[in-house]
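Peer 1: predicted coordinates and the sequence they were generated for:
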Amino acid sequence: MKLWMSWTLDDVGSAGQTVDDVAAAVRALHHSVEQARRAFGSDHMAWGKLRDEANRVAAQALDEGRAVLERGQTWSLALGGVYVQLIPR
């Protein structure tokens with residue numbers, strides 16, 4: 001199931017792309033969070049908090065998000081500094 005994914009990481013930026021499925025969306029989110037490490041410099045605690053929030057969003061995407069998308073509906077979640085929206089294509 002192709003999806004349009006958009007996401008925002010506070011203090012880092014926003015992006016969007018087409019992904020093949022929810023698992024691919026989670027990989028894209030984790031990749032972005034890893035790349036964001038540079039934006040936080042030596043503030044490892046702030047980056048760690050963002051990473052933890054992204055992990056929680058990813059877990060929800062794989063669970064409730066997948067179920068919502070299978071019904072053909074849009075799923076989104078904002079948690080702390082992470083916002084993700086997945087739209088079926």
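Peer 2: Alright, I've got the coordinates. Numbering: from 1, shown residues only.
Peer 1: make it CA atoms for all contacts and neighbour counts henceforth
Peer 2: OK.
Peer 1: tell me, how many residues neighbour Ala61?
Peer 2: Applying other Cα atoms under 10 Å, we find 24 other residues in the vicinity of Ala61.
Peer 1: brain fart, Lys2
Peer 2: 14.
Peer 1: what's the separation between the nearest residue to it once chain neighbours are set aside and Gly13?
Peer 2: In space, Lys2 comes closest to Asp20 once its chain neighbours are excluded; the distance is 4.5 Å by Cα to Cα, 6 or more residues apart in numbering. Asp20 sits at a distance of 22 Å from Gly13 (criterion: Cα to Cα, to the nearest Å).
Peer 1: then Val84?
Peer 2: According to Cα to Cα, Val84 and Gly13 sit 12 Å apart.
Peer 1: Ile87 now?
Peer 2: In terms of Cα to Cα, Ile87 sits 20 Å off from Gly13.
Peer 1: between those two, which has more neighbouring residues?
Peer 2: More crowded of Ile87 and Gly13, by other Cα under 10 Å: Ile87, with 16 against 11.
Peer 1: quick check, the more buried one in contact with Trp7.
Peer 2: No: assessed by Cα atoms under 8 Å, Ile87 is found out of contact with Trp7, at 11.6 Å.
Peer 1: correct me, but Gly40 touches Ala46?
Peer 2: No Gly there; residue 40 is Phe. Yes: with contact defined as Cα under 8 Å, Phe40 and Ala46 form a contacting pair (7.1 Å).
Peer 1: avg pLDDT for the strand or helix carrying Ala15?
Peer 2: Here Ala15, judged by DSSP states H and E, is contained in strand 13-19. When pLDDT is averaged over strand 13-19, the result is 96.
Peer 1: residues contacting Trp75?
Peer 2: Neighbouring residues of Trp75 by Cα atoms under 8 Å, 6 or more residues apart in numbering: Gly65, Val68, Leu69, Gln85, Leu86, Ile87.
Peer 1: who are the packing partners of the helix or strand containing the fourth one?
Peer 2: This means Gln85. In the assignment (DSSP H and E), Gln85 maps to strand 82-88. Counting contacts by 3 or more Cα pairs under 8 Å, 6 or more residues apart in numbering; DSSP states H and E, strand 82-88 is packed against strand 3-9, helix 44-60, helix 66-70, strand 75-79.
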